[in-house]
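> I'll drop the sequence and a predicted model, then ask my questions.
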Amino acid sequence: RSAAIAATAKAARKARMSQLAATPRDEVHPGTPGTAKPAFHRLLASNKSYSIASSQPLTDKSFMTRAAENKFLSLVPRPVGTDRVLSSVSIPETRALPSNVLFSDNLKPNIPFLKLHLLQQGRLERSAALELIAQGTEILSKEPNVIQLEAPVTVCGDLHGQLYDFLALLDHLIPLKTGTCPQMLFLGDYVDRGSFSTEILFMLIALKIHFPTSIWLLRGNHESRQMAEFMSFLLECEYKYGEFGHEDLYKAFLKFFDSLPLAAVIKGYKGGNLFAVHAGISPSLNTLADIEALDRFQEPPVVGLMCDLLWSDPVDEPEHALNEHQKAEWRDIEFELNTARQISHVYGARAVKAFLRKNNLISIIRGHQVMEDGFKEHYFLEQGSFPKVMTVFTCPNYCDSYDNKGAILHVNLDSFAFEQFVSSPHPYTLPDFTDCFTYCVPALMDGIVGILADLVMSVKAESAASFSEEEKQEEEKLTRKFEKLKENLGRRERSPSKIDKIKKEILALKEANLPIFGKVKELDKENERAPSAVVRVSWVKKSQYNRATSESSLLYRKPE
């Protein structure tokens, strides 16, 4: 089914390419009034490469010569294979992109070419990857903990390795051939859960190098060692880049993570200033100067201000009606234990209002939580007012299961608006980046064991007449062991795994046209928690936070 969907999407893209090739170069994008649509596919068909900083083609002596020397002369996608089951599916790019092809004469990456290379599942050579990451790390290291921005700004939430959705979003927002880029703020969580985290980072870093004053990157809770090892990012580096991925590349990415700023303030909106962060506020946060005083160049701790900026959540609004007394009590919540994450806190209306008032802000913009509509305005039971907290989540159909929309937030001088979009097709990948042979080994071994068991038993039966009493007893024990093994194998085949059960439940809901978001969120809640192998702190005493709290205690979980 996945292959059929991919083939249909490929045919649609091919038809769109033909349509683009037949239209004038200065066609206006219908979704972005007054902005020329990037002629990306027409650019490829004409076998030219355009610099991101100029609408003029790069000279043959600069880019095209280097591309020819490295056998990257053709910028047209790799041809489809006639020996493939689905001949319409193009062959993935197997050539690693070298530095002298990736970087232009001005030492900046060629973004259109990098984008095409990543779209075709291509990878980077060691020197190219390390140089790209090093340049990005150097730029970010010079930025403050709290970035000061001026509206208009487009705010993007979590990306989580969903490359093809991200590139579709870039096509909509950034007209590459004009050499300009609107101001964009990314709230973190670029890696894990999706299968293309390294590609997301390469593309973001390339954009940051080209547009250091337009592209802004913040740190999320997944940009850390504990999450990268607990989830899938380290595994992805090892799978795609081998020994180099496990050592140099992974370490370079960790250094890049440590250099990411922690928050931003967006000024210029007519209603007031907005505070942007990955997750939220903390009991130890009084003013923005507290964030500026942090040493961000480290692994995020499991307790304290830096932890809360990356892990906290707003308190869930009541699901049932409350009377006036109950509403007053609910609005009086300041900070409570974050039981869903099993780390950090949830913050209530009282804490949010106090933070906004002290820092002359009107709202908090954050990501960190999947939303069915891609966004949520948190009013804390005060409808009609300006939302005190706004959540933005930019991963449509999160984990290929949630069936949610993705969204971005446009903060303009006199207004703000959310823009939604749906997911884009992407190449199919097996769980944990396994190849088809490794994926099939368990089932193959089960079959082999069954065949060997039958073979041994049949040989034993033929020679049983000559066995002594002691040998017959050993034979009976062996027979029982084989029968037990065959029974277990049969039970395993009849009993689907937990993941298979979840997939069947989701598929049944989809076929019945029933909403699946809430069901999938409940099934996936374990993956949204902090890794259980780290020490968890549920609450911290008043002396550590300098904030009024009730009697508190420390809760620890032993490493599993």
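Cool, the structure landed. Numbering: from 1, shown residues only.

> next, count neighbours for the nearest residue to Ala354 once chain neighbours are set aside.
The spatially closest residue to Ala354, leaving aside those adjacent along the chain, is Glu334, at 8.0 Å (CB to CB, 6 or more residues apart in numbering). Placement of C-beta: from N, CA and C, glycine included. Close neighbours of Glu334, defined as other CB atoms under 10 Å, add up to 20.

> any idea how far Glu334 is from Ala443?
53 Å (CB to CB, to the nearest Å).

> for Gly384, same thing?
From Gly384 to Ala443 the distance is 58 Å (CB to CB).

> give me the more crowded residue out of the two.
Per other CB under 10 Å, whichever of Gly384 and Ala443 has more neighbours is Ala443, with 11 against 5.

> tell me the secondary structure at that one.
Classification of Ala443 using DSSP: H, G, I helix; E, B strand; the rest coil returns helix.

> which residues touch it?
If a contact means CB atoms under 8 Å, 6 or more residues apart in numbering, then Ala443 has no contacts.

> by mean pLDDT, flag the weakest helix or strand of the protein.
helix 40-45 (a mean of 27; mean pLDDT, DSSP states H and E).

> quick check on Leu173: phi, psi?
Main-chain dihedrals, Leu173, degrees, to the nearest 10: phi -100, psi -30.

> where exactly do the helices run in the stretch 151-300 of the chain?
Assigned by DSSP state H, counting those that start in this stretch, the stretch 151-300 of the chain shows helices spanning 163-173, 197-210, 225-230, 233-244, 250-259, 288-292.

> ranking those helices by burial, who's on top?
helix 197-210 (a mean of 23; mean count of other CB atoms under 10 Å).

> which strands and helices lie in contact with that one?
With contacts defined as 3 or more CB pairs under 8 Å, 6 or more residues apart in numbering; DSSP states H and E, helix 197-210 has these neighbours: helix 111-119, helix 126-141, helix 163-173, strand 215-217, helix 233-244, helix 250-259.

> for the last one, list the C-alpha coordinates in CSV.
Think helix 250-259. Presented in CSV, the C-alpha positions along helix 250-259 are these (Å, rounded to 0.1, in the frame of the first residue of the first chain):
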residue,chain,number,x,y,z
TYR,A,250,27.3,12.6,16.3
LYS,A,251,29.8,14.5,18.5
ALA,A,252,29.7,17.5,16.1
PHE,A,253,25.9,17.5,16.3
LEU,A,254,26.0,17.4,20.1
LYS,A,255,28.3,20.5,20.1
PHE,A,256,25.9,22.1,17.7
PHE,A,257,23.0,21.3,20.1
ASP,A,258,24.9,22.9,23.0
SER,A,259,25.3,26.1,21.0
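
> show me how far it is from its chain's centre.
Relative to its parent chain, helix 250-259 has a centroid offset of 16 Å by CA atoms, centre = their mean, to the nearest Å.

> which residues touch it?
129-130, 133-134, 136-137, 140-141, 198, 201, 205, 219, 223-225, 228, 233-234, 237-238, 296-299.

> any low-confidence regions in the stretch 451-560 of the chain?
Residue ranges of the stretch 451-560 of the chain with pLDDT under 70: 457, 459-467, 482, 485-503, 532-560.

> Asp308: neighbour count?
26.

> at which residues are the strands of this structure located?
Taking DSSP state E to define them, one finds strands in the chain at 146-150, 153-156, 184-186, 215-217, 263-267, 273-277, 313-314, 335-337, 345-347, 361-366, 375-378, 389-392, 406-411, 416-421.

> mind putting those strands in a markdown table, mean pLDDT included?
Conversion of the strands of the chain to a markdown table gives the following (pLDDT from 0 to 100):
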| stretch | mean pLDDT |
| --- | --- |
| strand 146-150 | 97 |
| strand 153-156 | 97 |
| strand 184-186 | 98 |
| strand 215-217 | 98 |
| strand 263-267 | 98 |
| strand 273-277 | 98 |
| strand 313-314 | 96 |
| strand 335-337 | 93 |
| strand 345-347 | 95 |
| strand 361-366 | 97 |
| strand 375-378 | 94 |
| strand 389-392 | 97 |
| strand 406-411 | 96 |
| strand 416-421 | 94 |
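
> flag every buried residue along stretch 210-225.
Within stretch 210-225, the residues that count as buried by 16 or more other CB atoms under 10 Å are 210-211, 214-224.

> closest one of these to Lys376?
Closest approach to Lys376 among the buried residues of stretch 210-225 (CB to CB): Gly220, at 17.5 Å.

> name the nearest residue to that closest one, sequence neighbours excluded.
Going by CB to CB, 6+ apart, Gly220 has Gly188 as its nearest residue, at 2.4 Å.

> and if you look at Lys327?
Leu381 (5.7 Å).

> where do the helices of the stretch 401-550 of the chain begin and end?
With DSSP H, counting those that start in this stretch as the criterion, the stretch 401-550 of the chain has helices spanning 436-462, 469-494, 498-511, 517-523, 542-545.

> who are the contact partners of Leu107?
Gln135.

> let me know the pLDDT of it.
If you check Leu107, the pLDDT there is 82.

> and it, how far from Ile139?
13 Å.

> in contact with the residue nearest the centre of the chain, which residues?
Nearest to the geometric centre of the chain sits His160, at 0.4 Å (CA atoms, centre = their mean). Going by CB under 8 Å, 6+ apart, His160 touches Asp189, Tyr190, Val191, Asp192, Arg193, Gly194, Ser197, His222, Cys395, Tyr398, Cys399.

> could you export those as CSV, including pLDDT?
Putting the contacts of His160 into CSV (pLDDT from 0 to 100) gives the following:
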residue, pLDDT
Asp189, 96
Tyr190, 98
Val191, 96
Asp192, 93
Arg193, 91
Gly194, 91
Ser197, 96
His222, 96
Cys395, 95
Tyr398, 94
Cys399, 89
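
> many thanks, I have nothing further to ask.
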